[in-house]
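Undergrad: Okay, sequence plus prediction incoming.
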Amino acid sequence: MGEYSRKFFSIKNDREFRFLFKKGETCVNYAFVCYFRENKRRRNRCGIVTGKKIGNAVTRNRARRIIREAFRIFDHDLRLSTEKRYDFIFVARTQTASQKSGKILQLMNKKLLPLVVPAPKKNG
């Protein structure tokens, strides 16, 4: 746990949520929907939304915990990959609570990381 960040920086302001929903780019898969946009801050921030369609309070809290833990590790990988910083909003889906955080992390690395960090250009 030493090399990963311990603190989780979250988005709490409703205005920032609405701005990202409207202006942010989107990444969709079966476990979550992610809205993201570059920010001018020194760290990546994350907001998590869980609607009542997901289930009862226990299920919604589990979905939030799973996404939060996966993002904590993803944030470390992202900081190593690029100097840019981003705001992320994750909207949990019904499949999220039944997944492990390692599976969610794999989805973030496979689907979200290529959108955020562009591939290096080939010279030739």
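TA: That came through fine.
Undergrad: neighbours around the closest residue to Lys53 other than its chain neighbours, how many?
TA: By the measure of CB to CB, 6 or more residues apart in numbering, the closest residue to Lys53 outside its immediate chain neighbours is Thr94, 7.1 Å from it. C-beta here means a position set from N, CA and C on the backbone, and glycine is covered the same way. Applying other CB atoms under 10 Å, we find 14 other residues in the vicinity of Thr94.
Undergrad: Touching the one helix or strand in the chain whose mean pLDDT sits lowest from outside, list them.
TA: The helix or strand of the chain with the poorest confidence is helix 113-116; it has a mean of 89 (mean pLDDT, DSSP states H and E). Taking CB atoms under 8 Å, 6 or more residues apart in numbering as the criterion, the residues outside helix 113-116 that touch it are Glu25, Cys27, Phe36, Phe74, Asp77, Leu78, Ser81, Thr82, Lys84, Tyr86.
Undergrad: just checking, the third one is part of a strand?
TA: Yes. Using DSSP: H, G, I helix; E, B strand; the rest coil, the secondary structure at Phe36 is a strand.
Undergrad: so what's it bridging to?
TA: Each beta-bridge partner of Phe36 is listed here, defined by DSSP bridges: Glu25, Phe88.
Undergrad: What is the longest helix seen in the chain packed up against?
TA: Looking only at the chain and at elements set by DSSP state H, the helix with the highest residue count is helix 57-81. Taking 3 or more CB pairs under 8 Å, 6 or more residues apart in numbering; DSSP states H and E as contact, the helices and strands that helix 57-81 lies on are strand 45-49, strand 85-92, helix 101-107, helix 113-116.
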